[in-house]
Each structure stands twice: as structure tokens, then as C-alpha cells.
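Student: need coordinates for the below:
(one chain, ligands or ions: 2)
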Amino acid sequence: KPLALPGAHVVVTGGSSGIGKCIAIECYKQGAFITLVARNEDKLLQAKKEIEKHSINDKQVVLCISVDVSQDYSQVENVIKQAQEKLGPVDMLVNCAGMSLSGKFEDLEVSTFERLMSVNYLGSVYPSRAVITTMKERRVGRIVFVSSQAGQLGLFGFTAYSSSKFAIRGLAEALQMEVKPYNVYVTVAYPPDTDTPGFAEENKTKPLETRLISETVSVCKPEQVAKQIVKDAIQGNFNSSIGSDGYMLSSLTCGMAPVTSITEGLQQCRFRTSLGKSEGLTAPGSNQLGQVAAPPVTRGAVPPSRGSHGTRPRPGAPERHHCSTLVFLNCRPTWHGNPQWLPSTTEVNSFRDGTWGNPLTFDPLTLCLSSPSFQDFVSAPLSPRFLF
Ligand SMILES: NC(=O)C1=CN([C@@H]2O[C@H](COP(=O)(O)OP(=O)(O)OC[C@H]3O[C@@H](n4cnc5c(N)ncnc54)[C@H](OP(=O)(O)O)[C@@H]3O)[C@@H](O)[C@H]2O)C=CC1
Ligand SMILES: CCCCCCCCCCCCCCCC(=O)[C@@H](N)CO
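Tutor: Ligands and ions are numbered 1, 2, ... in the order given. Model (predicted):
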């Protein structure tokens, strides 16, 4: 049932740089024929040369086509037609063209929201729409969407980016349900920060808060991310995440995503069961819907620490507006609970050397083990939906 890459035709949008280029190389190394799709022709040719160094036989071809995947569906459809005429029907489509811009909601131009939605979301819809009919007819195919960890949770500074990456997941879940009977498998990848030209570009305007939160997860190499994505796509896994925190994040945000392995299924049961428990279907204070009533808003008082995982009220901290000890990873009480609070340089440094024991520098494993109970930890991130 795994897709055989030798001789297969793989189309990679965004294949001229970063993660996309590494995905193309990975597939090429395994004997695939590649079509690279991106806008800039010089970058495309450059990438083609680089990829061709990894050939394993002399029949392999790398085709380059320049198009903006976000502009006009008929253009994208034409590009796919061209590619199919030259290299045959598409066996695997990797939607990797995308971009990121961060900034506070009110600092981002409205046009940025439109731009990110059209490149990241519509730029994934168009190529997929163009290949799906043939895939269904042939009863063969893989469609890969490259979302982001920021497509699993919304983060400070990512109002425009996160929403465009969340949209991809909705598309993917619905599409998978439609095409599974035709032996077509959909994969959504949620990479962490990855060392690419696009990431360097993003960092130029990234707010400090966004940077601090992002730094709780280390930066990956694009080769490593690409390897994982290709592996999951070949297998037909719906979810593709990188590293142990990527795995935890996927488990915590599994929602109703399709389950493609037994371990994944067990894991989801576990998390869903603990959700039911923590929401207190029988707990005092729960209403008929099984929701726990939100704690009263406290003003001028620090709410009692409810076994929070290492968070202490900060000396001289301004009043808290929410009792948010239940909220995600203790990042959230810090950022959401203290709206007046902004980090100064000394504070930033003291997070870094751990003086504060601040959750922004937590190590997920330590956090997990040191929590009052593992269940508590597991259910914490799921609670905000019910509390707020
Ligand atoms: N790097 C990271 O930290 C992470 C990245 N991601 C996602 O992975 C994907 C790749 O990111 P990364 O490798 O960093 O990005 P890069 O900026 O290095 O590469 C982006 C690629 O997409 C192409 N592209 C961009 N816009 C368009 C467009 N409108 N039409 C066609 N092609 C386009 C670019 O070529 P050209 O400009 O010539 O068109 C280039 O080939 C993105 O979707 C990104 O959101 C997800 C998580 C983390
Ligand atoms: C228990 C679970 C532990 C996980 C902790 C999660 C912390 C969130 C960090 C998220 C970092 C955001 C990455 C965005 C990458 C991206 O898409 C851009 N770089 C694109 O250029």
C-alpha cells in the first residue's frame, strides 16, 4: 500500500527553496520524476541543478514550471496539464508554496491577511483541484499539505499566518474523507521553525513575543523535515509532525482528524478520554452540557494557584484578569492573563537563564513529569475552549 516512488511523478509547489526543495531532493533520491513549481525562474533552475546531483538513474527528469499558484486557477490547471503531458499523471502533489508574515494584529496590513490566505490556502486548493480527478480515476495518489505548528495553535503575532494554516487542515480533513475510497491519501505536515530562506525572511519582522514563544521549540533542518514528510506521505499517514514536541502537539490538537495508525488511535483515545474527565461531566460546578463554569473574573487579586505547572505570580505583577491556571502550557496565563505585561530586556534574559522558572523556556518533558498529575497536564490545553 505505500506509494512506490521509483518512476513516480511528484509535483512540488514551492520546490525551488527551503522545505520544498528538500522534499524534491528526497523524492528524487528515491527515484521519482519531479516537477518544480514556483514563480522565480532563476531560483527554479538553480534548484533543478542542485536536485539533479542526486539522481539514481539516467532516466530521471526534473521539470521546472513558473507560475504563481495563488492567482488564477486556469493558469495552475494549465501548468498541471503541461507537467502531465511531459511526465505522466501526477502520483504525488506536495503543496509547499507558502509564506509567513508576523506582527501584531493591528500592525498587520489588511492586505497581508488577503495575501497569506491566497498563497497559503488558495495556493494549496488550486493545484490539488487540478490533480484530483485523475488521481481518483487512477485510484492512485498522494496529496500533501504543508501547514505549520502555527496551524495547530494560534500564537501571538500569527493572526494572519495561523489562520491561513488552520484553513489547510479543514480542507485536508474534508478532502481525505472524500477521496479515501479512491485510494487517494492526504497528509498534513506541521513543521516547527525550520532553517530556510523563508524563515530568515520571516524573522526580519517577528515581534519579540512571537520569537520568545517560538524559541520554546528548536529550529529544524529542512532536510530532516523533508525526510519525515516524504515518509509519512508515502505511508499515507494523515498527520506528519517532527520531533517529540511536534508529536505531543499533534496529539493534543488531534480533534477529529483521521487516524492512520494504531498507536495514533490509542493516543487519541487517551487524550479524548482525559478531556471528558477533565471537563467534569460529573464534577461539581459543571452545567448540563458538561462544561465547567468559567471561574469568576478576579480583579486585583491573584487567583489561587491550582497546581499550575511551575508558574508563580511574578513579584509586582499587575492584576490578573483571568483565572487561567488551566490554560495552555502556562505560556497562556503569562501572555493572556497579564495584558499590561511586556517583557523588558532584563526579564527576557532572566527567562533565558531560567531565573524565573518561566514556562517560556520549559522543556516539554520536564513540564510533563513535574505536573501535579499527567492527566491534568494533558487536559489543560484542551480546556480553554470550554472555559472561554
Ligand atoms: N521555514 C519554516 O520555519 C516553516 C515553514 N513552513 C511552511 O513550509 C512552506 C515552505 O516554507 P520555506 O521552505 O520556509 O519557504 P521558502 O520561502 O524558503 O520557499 C518558499 C517556496 O515557495 C515558492 N512560492 C512562494 N509563493 C509562491 C507563489 N505565490 N506561487 C508559487 N510559488 C510560490 C517560492 O518560490 P518563488 O518565491 O520563486 O515563487 C519558494 O520556492 C511554507 O508553506 C511555510 O509556510 C511551515 C512551518 C515552518
Ligand atoms: C506539549 C507540546 C509542546 C509544544 C509546544 C508548542 C510551542 C509552540 C511553538 C510554535 C512555534 C511556531 C512555529 C511556526 C513555524 C512557522 O510556520 C514559521 N516559521 C514559518 O516561516
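
Student: phi first, then psi, for the residue of the stretch 101-250 of the chain at minimum distance from ligand 2.
Tutor: Closest contact between the stretch 101-250 of the chain and ligand 2, by Cβ to the nearest ligand atom, is at Ser148 (3.2 Å). Using the backbone N, CA and C atoms, a C-beta is placed for each residue, glycine as well. Backbone torsions for Ser148, taken as degrees, to the nearest 10, come to phi -180, psi 160.

Student: contacting residues for it?
Tutor: Residues counted as contacts of Ser148 (Cβ atoms under 8 Å, 6 or more residues apart in numbering) are Ser100, Tyr161, Ser162, Lys165, Tyr190, Pro191.

Student: in strands, which of the residues you listed appear?
Tutor: Taking DSSP state E, the ones among those that sit in strands are Tyr190.

Student: where's the residue of the stretch 101-250 of the chain closest to ligand 2 relative to ligand 1, distance?
Tutor: Distance of Ser148 to ligand 1, computed by Cβ to the nearest ligand atom, to the nearest Å: 4 Å.

Student: next one, pLDDT for Leu208 please.
Tutor: pLDDT recorded at Leu208 is 90.

Student: next, count neighbours for the nearest residue to Lys1 once chain neighbours are set aside.
Tutor: In space, and not counting its chain neighbours, Lys1 is closest to Gly236: 6.8 Å by Cβ to Cβ, 6 or more residues apart in numbering. Number of residues near Gly236 (other Cβ atoms under 10 Å) recorded here: 19.

Student: with Cys64 instead?
Tutor: When neighbours are counted by other Cβ under 10 Å, Cys64 registers 20.

Student: with Val67 instead?
Tutor: With other Cβ under 10 Å as criterion, Val67 counts 20.

Student: just to revisit the earlier point, just the buried ones among the contacts of Ser148, please.
Tutor: Among these, the ones that count as buried by 16 or more other Cβ atoms under 10 Å are Ser100, Tyr161, Ser162, Lys165, Tyr190, Pro191.

Student: so which of the residues you listed comes closest to ligand 1?
Tutor: Pro191 (3.8 Å).

Student: got the confidence number for the closest one?
Tutor: For Pro191, the model assigns a pLDDT of 98.

Student: low-scoring stretches of the protein, by residue?
Tutor: 268, 270-388 (pLDDT under 70).

Student: where along it do the strands fall?
Tutor: Secondary structure of the chain (DSSP E): strands located at 9-13, 33-38, 62-66, 92-95, 141-146, 184-190, 239-241.

Student: next, count neighbours for the nearest residue to Val67 once chain neighbours are set aside.
Tutor: Closest residue to Val67 apart from its sequence neighbours, by Cβ to Cβ, 6+ apart: Val79 at 4.8 Å. By the other Cβ under 10 Å criterion, the neighbourhood of Val79 contains 21 residues.
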